[in-house]
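Colleague: after the sequence you'll find the predicted model.
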There are 4 protein chains.
Amino acid sequence: MIQKIAVLTSGGDAPGMNAAIRAVVRTAIYHGIAVMGVRYGYQGLIDDDIFPMESRDVANIIQMGGTMLKTARSKDFMTEEGRSKAAANLKKHGVEGLVVIGGDGSFRGACALHAEHQMPIIGIPGTIDKDISGTDYTIGFDTAVNTAIEAIDKIRDTAAAHDRLFIIEVMGRDAGYIALNSGIATGAESVLVPERITNVERVAAMIDYDQKRRKNVHIIVVAEGDDFGAEPLTHVLQHKFPAMEIRHTVLGHIQRGGSPTYYDRVQASRLGYHAVLALKEGKSQEMVGIVNNHIAFAHMDSVVKKHQPIDDDLLDMVRVLSS
Amino acid sequence: MIQKIAVLTSGGDAPGMNAAIRAVVRTAIYHGIAVMGVRYGYQGLIDDDIFPMESRDVANIIQMGGTMLKTARSKDFMTEEGRSKAAANLKKHGVEGLVVIGGDGSFRGACALHAEHQMPIIGIPGTIDKDISGTDYTIGFDTAVNTAIEAIDKIRDTAAAHDRLFIIEVMGRDAGYIALNSGIATGAESVLVPERITNVERVAAMIDYDQKRRKNVHIIVVAEGDDFGAEPLTHVLQHKFPAMEIRHTVLGHIQRGGSPTYYDRVQASRLGYHAVLALKEGKSQEMVGIVNNHIAFAHMDSVVKKHQPIDDDLLDMVRVLSS
Amino acid sequence: MIQKIAVLTSGGDAPGMNAAIRAVVRTAIYHGIAVMGVRYGYQGLIDDDIFPMESRDVANIIQMGGTMLKTARSKDFMTEEGRSKAAANLKKHGVEGLVVIGGDGSFRGACALHAEHQMPIIGIPGTIDKDISGTDYTIGFDTAVNTAIEAIDKIRDTAAAHDRLFIIEVMGRDAGYIALNSGIATGAESVLVPERITNVERVAAMIDYDQKRRKNVHIIVVAEGDDFGAEPLTHVLQHKFPAMEIRHTVLGHIQRGGSPTYYDRVQASRLGYHAVLALKEGKSQEMVGIVNNHIAFAHMDSVVKKHQPIDDDLLDMVRVLSS
Amino acid sequence: MIQKIAVLTSGGDAPGMNAAIRAVVRTAIYHGIAVMGVRYGYQGLIDDDIFPMESRDVANIIQMGGTMLKTARSKDFMTEEGRSKAAANLKKHGVEGLVVIGGDGSFRGACALHAEHQMPIIGIPGTIDKDISGTDYTIGFDTAVNTAIEAIDKIRDTAAAHDRLFIIEVMGRDAGYIALNSGIATGAESVLVPERITNVERVAAMIDYDQKRRKNVHIIVVAEGDDFGAEPLTHVLQHKFPAMEIRHTVLGHIQRGGSPTYYDRVQASRLGYHAVLALKEGKSQEMVGIVNNHIAFAHMDSVVKKHQPIDDDLLDMVRVLSS
């Protein structure tokens, strides 16, 4: 049986990663498997920033944002030489299996490491953008949307006090899921997502219609990766509606941090727990995810950045429910 | 086509009910259907506490806890006479369809009203306990668990400062879902649920084991409906461990209130939206719920108080991850 | 005795304004004085957007951000003609006294109205910037700083995960009080305020020192009105430290909204309560504030935008405590 | 000059204690003074649970509730023998000054230790009850009241949905300050405090009056130490108003925990900073507090449990503003 595993976080951090780390460490120890932590993702593998972890090292982290193992992007790991060094370090420490918590880019790195050095690896999807195929759930999305709506609720207070139009940019470079869900949840009048081409005329027509019936507060939620973009939109709309007070705000990095929701804590714990069981059972090159509320595995080399399909139903709801 | 509908909330209130009301009102108006609001649930039907609702009446409520339509239990509605009066009032106002937001008890009332007076009714599952068959989702559960973990996180601060054992009672008269999820999410050492017979000796053995390895902070989350009960447990454990500082706390009604999470806002909105579409399409006596992330309908008379099966996996995780 | 008063909010909105409005309305009614609400500040006086308020109109608003009376800037009110129209409208409604909730600019308008039309006016200091002379307290500051630290705590999570330097801009066009307090409260390594000339070399030296001792996470909080500015600072530092990951984020309008803290609710209530008592006692042209925890009045024409003196002690603490 | 100091927390924990510990440690180190941490308060002095602290040991604790040094009540320290042991341990470690963060009971212990063993001691007032003479501020009060109002806001949601009367017990064994401030801030209809004899007839009369004018939601906030008590009150009122749905809830230990507010973080930091400066300047047997927003010292043996006088003004406001 496997005797020792390592765990790392890679790519952008996401709230709930600590819950996954804690679950990996404690499940492994429970099953008599030793655990090494790796700091700064793949770069830490290369730099030998690897240390033994005990149960107490993950006490009191389930409720914390960020990742106690830190994360980084590693150019070195994109080279064969870098990966050889990483594999040598893992071997040196007697590591026989690796848990990688990160996004689709991180999994591609894992595939290369496995292909070249036969290291068994289980991936856990960790990204607030929820843009990974093979799983309904990714660590951090639930918390990020809740953080976004708390911020937008606050902005609506001041928007309503001044009868202003607010254009609020939320995260999501390739996926509109944060925008769509936070928009519906805050009663936004429009939501603009990368999955649909933005029709500025239509947005303007809606504002015009609202103005005419004296509905003066207007919130537009725009995903970071929208084809038109929040800033250009602000300029265009200000030009069309010179009398309106229009404000543009970028929620930014607050969406990555904060204490995770129960859902991110519980699901990230489940994924960490099952990642260790999978390594124990001899699985490799699989991502452990959740499909229809059940644990599900996907071959890691088939996992790609794939958008959950944006439901037309939900986009329709934005307009119907804010009218 | 249907010209006028009514909407009411019934049974215990749950955060997200306002989002559902808002969605019912605005979706109806969007489709040219008039909407009447009913105050105090079925009692309001009998007392003719029924009023027309416009789009503006549901502005700025999506983020609010409670229910703007208020709710009550109605003994009168349990009688045929009461239901006749209710049906007469609905007829008087020209109401041709009814949306009932509530739990399984509320749906039984709806079935009786339909059987006796042929009123088309669509039910929306609203209860923080998540104990209704035919749907994975019920309004308010997501918010309630998040409220519980915020409270338990705070209690853990003071538990850790004093090395205390805390026994925390959360809601859930028949279902342990709030207890289980809030327990895992806060790293509770034990979780006691109505679905399993409580073994006090085993709980005591765990405390004893923790004491011996000098792990002095201990959290036990107990569902309201646990067969043993939080208060008796406190007495038994204090007797067994006289030197420990044991505290018993009941989270209570804070779990029902508060601004809903994004998930409760979005899903409650979806259910309200589809409830109106269902009435428009001529559906009746169905509950609109969510199964595997998709809208799903169930015949209302088949809907019963049914526990989501408690996953042994999750109960195992409690002990493995808190060790 | 005075029979009827009016109340308005003016300038930027601040959390707690609703608590003050509620206190004005209910205290007046308790003392047998009728109350008119004015929408959109001084502009509403001119446009006759004035309506009678009852006790129930202010139910359930104490916990809400923004201002139910809305606010606006009014160019018309800066003219004698505008003020004459405002006075005529007040007279038409029988208003004998006015409560103005706003900043120093709003009080200047009030002085002009009084000078020209002898309307008794009591001012209540409402601005999140806490930059008004004659009072230790202004409505909204306490909430705004708490909102800022919650956001900065979240940003620190992700900053720590990536070893990044974050430059965070908080509100405060003329005053550094939000920056100073949120900076100390979040353990920021530097705080830049309008009251002190920013020494970029010194900021860079601190970063350099931290880098050398491998303290890689660095938070700089910059007030909106800092002479150097957050964006230029970002460019200069990125140039000096090309290897560092530097991010610039603007907290923006979330700082204005949100449910007020207990302190803002209680103090705003006290000010509203005493504003009515003051009008009842025949006071006029005074601002009711809080000095050394006690209610204190200041002649309104002496009230100016004045910074609470920035304590050198506190600025020293920033560096000592983050080291 | 003083070379080495120690710091401990004693009595009940309070949010902000970690900020004070951090400030003590870092200010001392900044001034070249070594710092020892003591675990479990005075008991840790006796048990020699004393360890050296570095700057990094207090990184990332300013935002955390509880106390990283833990706290406990110590019977041993109440004996001369216990205090001799404590003094011997301090001497053994070369400690020349002590900072004690706690309540009036902790200060009495400090006075005995000083009297018998001449240890210079500076006290910092840490108690959520705000019941210490010589200072306007005690660590934790601001956070505790904000925690209480968030909970009461949630309870009001469900109270309003069901037209219920809620009797909510908040902390404050000897002082009504948490009750009074949380009551005003949440619009409670009555507030009962230990400083006033509770007149149940008057409370009942108010409920009766509200019932008659169809104001059906009623919140009564009761301090833990009220002479009548929340539970007896519930019984008496239920007897008088058999038709009302009356609920009794105890907020309990959540009031002690949670991330501190900016105010508790900043003021606790100031107190820790000045406590070290005071020891450095040779001060002893003084409590460092805040009076009228300025740092102020009081002789420790004059510090007693003394209530901030309850302002009749504020009690009047409760009724006037909730009417």
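Modeller: Looks like it came in fine.
Colleague: could I have stretch A:134-145 exported to CSV, CA atoms only?
Modeller: Output in CSV follows, covering the C-alpha atoms of stretch A:134-145 (Å, rounded to 0.1, in the frame of the first residue of the first chain):
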residue,chain,number,x,y,z
GLY,A,134,-16.2,16.9,-15.5
THR,A,135,-17.5,18.4,-12.2
ASP,A,136,-20.5,20.5,-11.2
TYR,A,137,-18.5,21.9,-8.3
THR,A,138,-15.2,23.7,-8.0
ILE,A,139,-13.8,24.9,-4.7
GLY,A,140,-14.5,28.6,-4.0
PHE,A,141,-17.3,29.4,-6.4
ASP,A,142,-20.0,29.3,-3.7
THR,A,143,-18.1,31.7,-1.4
ALA,A,144,-17.1,34.0,-4.2
VAL,A,145,-20.6,34.5,-5.3
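Colleague: just the mean pLDDT for it, thanks.
Modeller: Averaged across stretch A:134-145, the pLDDT comes to 97.
Colleague: flag every buried residue along that stretch.
Modeller: A:134-145 (16 or more other CB atoms under 10 Å in any protein chain shown). Just so you know, the C-beta spots here come from the backbone N, C-alpha and C atoms, and that holds for glycine as well.
Colleague: in helices, which of those residues appear?
Modeller: The helices, defined by DSSP state H, take in A:141-145 from those.
Colleague: touching, residue A:117 and residue A:83? I think so.
Modeller: Yes - using CB atoms under 8 Å, residue A:117 is in contact with residue A:83, at 6.9 Å.
Colleague: so which of these two has more stuff around it?
Modeller: Just comparing residue A:117 and residue A:83: by other CB atoms under 10 Å in any protein chain shown the higher neighbour count belongs to residue A:83, 24 against 14.
Colleague: I'd say that one and residue A:115 touch.
Modeller: No - taking contacts as CB under 8 Å, residue A:83 lies outside contact range of residue A:115: 9.3 Å.
Colleague: quick revisit: in a markdown table, list the buried residues of stretch A:134-145 along with distance to chain D.
Modeller: Below are those laid out as a markdown table (distance: CB to the nearest CB, whole Å):
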| residue | distance to chain D |
| --- | --- |
| A:134 | 35 |
| A:135 | 31 |
| A:136 | 30 |
| A:137 | 27 |
| A:138 | 26 |
| A:139 | 21 |
| A:140 | 20 |
| A:141 | 23 |
| A:142 | 20 |
| A:143 | 16 |
| A:144 | 19 |
| A:145 | 21 |
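Colleague: filter those down to the ones close to chain B.
Modeller: A:136, A:142, A:145 (CB under 8 Å from any CB of the partner chain).
Colleague: okay, the last one and residue A:185: tell me how far apart.
Modeller: What it means is residue A:145. Separation of residue A:145 from residue A:185 (CB to CB, to the nearest Å) stands at 7 Å.
Colleague: what is in contact with these two at once?
Modeller: residue B:262 (CB atoms under 8 Å, 6 or more residues apart in numbering or on different chains).
Colleague: now do the strands in chain A.
Modeller: Taking DSSP state E, the strands of chain A run over residues A:4-9, A:34-38, A:50-53, A:97-102, A:121-125, A:165-170, A:190-192, A:218-223, A:246-250, A:286-291, A:294-299.
Colleague: quick one: closest of those strands to chain C.
Modeller: strand A:246-250 (4.4 Å; CB to the nearest CB).
Colleague: which strands and helices sit next to the closest one?
Modeller: Where contact means 3 or more CB pairs under 8 Å, 6 or more residues apart in numbering or on different chains; DSSP states H and E, strand A:246-250 is packed against strand A:165-170, helix A:230-240, strand C:246-250.
Colleague: winner for burial among these?
Modeller: Of all the helices and strands packed on strand A:246-250, strand A:165-170 carries the top mean neighbour count, a mean of 26, counting by mean count of other CB atoms under 10 Å in any protein chain shown.
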